[in-house]
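Novice: dropping the sequence and predicted coords here.
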Amino acid sequence: MKTAICYYSCHHGNTLKVLKAMAEEGDVDLIDVTARQAVRLEGYDCIGFASGIYGFEFHKAVAEFARQYLPHGKPVFFVYTYGKAKGTGAKALSALAAERGCPVLGEFSCKGYNTFGPFKLIGGSAKGRPNEDDLENARTFYRELKSSLD
């Protein structure tokens, strides 16, 4: 299964750590949505979107990228990391997927080290995350996702 995962990972690289673990499990292309490149996602069997949670939602760059490049009818999944609370997670991206007739295969999320805003004053939250257990759970999620499409 050829998979593209379109992501935004900044600050501590939490989301990218999770995605690299998933990429160990198969034919996965990681696409940084800030790279300013034209992308063709039609050739992929499955498309993932990934980000940390910012203001209780995916980073706006990922949502804009999805609006621009998500082809109709492609299976999608969502991956996100969060410091304190999941927020609404992939709610907005799920709505876009529905508009485009894209089945949502699932979501993976885990805590990630967070020093945004007031958390910086206390040394951050979710220190040491994602940890090896989180990364193994991410690998398992992707393996199960692949087997559901085979």
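Specialist: All right, it came through fine.
Novice: what sits up against the lowest-mean-pLDDT helix or strand in the chain?
Specialist: Lowest on mean pLDDT, DSSP states H and E among the helices and strands of the chain sits strand 57-58, with a mean of 83. Contacts to strand 57-58, defined as C-beta atoms under 8 Å, 6 or more residues apart in numbering, come from residues 8, 49, 51, 63, 78, 80, 87-93. Any C-beta I mention is one placed from the backbone N, CA and C, and that applies to glycine too.
Novice: ok, stretch 132-150 next?
Specialist: 1, 17-19, 21-22, 24-26, 28, 45-46, 75, 77, 79, 105-106, 108, 110-111, 130.
Novice: centre-most residue in the protein?
Specialist: A50 (1.7 Å; C-alpha atoms, centre = their mean).
Novice: give me the element that one is part of.
Specialist: In the assignment (DSSP states H and E), A50 maps to strand 46-54.
Novice: so how far is that strand off the chain centroid?
Specialist: Mean-position distance between strand 46-54 and its chain equals 2 Å (C-alpha atoms, centre = their mean, to the nearest Å).
Novice: ok, stretch 142-150 next?
Specialist: Its chain's C-alpha centre and that of stretch 142-150 lie 16 Å apart, by C-alpha atoms, centre = their mean.
Novice: in strands, which of the contacts of stretch 132-150 appear?
Specialist: Mapping these onto strands (DSSP state E) picks out V28, C46, F77, V79, L105, G106, F108, C110, K111.
Novice: and the longest helix for this protein?
Specialist: helix 132-149 (DSSP state H).
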